[in-house]
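Chemist: Show me the folded form of this:
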Amino acid sequence: MGDIILRRFEAADAEWLVEQHGSLYARDEGFDDSFGALVDEILQGFIASHNPACERGWIAAQDGQRLGSIFCVRLDEHTAKLRLFLLVPEARGRGLGKRLLFECMGFAKARGYREMRLWTHESHRAACALYAANGWELLGSKVVHSFGVDLVEQSWKIAL
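Modeler: Here you go, the predicted model:
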């Protein structure tokens, strides 16, 4: 097996990302089709109008197989937002999540952002543990009904 590489997201990756998010979240958390539609909307917006000087998406791949993704997008002049952080099940537990997180945070810091934020769900325990272990602060939680299920939505931030 070859080494895992992190490469820039390309428009051709969008269909795979929508399918992975939709199927994994449906299987693991019971999400309905509205989640895949949201991922598609986010990706189409990124493809159409992202600024490569201050926003980027990465795809983790090994031997031509996609394993995951992470995105850094601009919220405002000083704040970046982490989006679409995903690892396929067979890529988990190998340190790849931490590698993607550090790549994204390093990019944001190098581009002059002072802070990063993200939105997730409490049920993503491994991701939340990764954020907490690497200096992210939980800003708040609230109970919501989204994607056809009851969830606890969380907001996190980190100073860069």
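
Chemist: Nearest the geometric middle of the chain, what residue?
Modeler: Ranked by distance to the mean C-alpha position of the chain (CA atoms, centre = their mean), the top residue is Phe85 at 1.9 Å.

Chemist: from what I can see, it looks like it's in a strand, true?
Modeler: Yes: when classified by DSSP: H, G, I helix; E, B strand; the rest coil, Phe85 is found to be part of a strand.

Chemist: Apart from its neighbours in sequence, what residue is nearest it?
Modeler: Ile70 (4.7 Å; CB to CB, 6 or more residues apart in numbering). The C-beta positions use only the backbone N, C-alpha and C, and glycine is treated the same way.

Chemist: Contacts only, for that neighbour.
Modeler: Under the criterion of CB atoms under 8 Å, 6 or more residues apart in numbering, the contact list for Ile70 reads 57-58, 82-86, 100-101, 103-104.

Chemist: Adding pLDDT, write the residues you listed out as CSV.
Modeler: As requested, those are arranged in CSV below (pLDDT from 0 to 100):
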residue, pLDDT
Gly57, 98
Trp58, 98
Leu82, 98
Arg83, 97
Leu84, 97
Phe85, 97
Leu86, 96
Leu100, 97
Leu101, 97
Glu103, 98
Cys104, 98
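
Chemist: Let's see the PyMOL selection covering just the buried ones among these.
Modeler: For anyone working in PyMOL, the buried entries among the contacts of Ile70, judged by 16 or more other CB atoms under 10 Å, can be selected with:
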select buried, resi 57+58+82+83+84+85+86+100+101+103+104
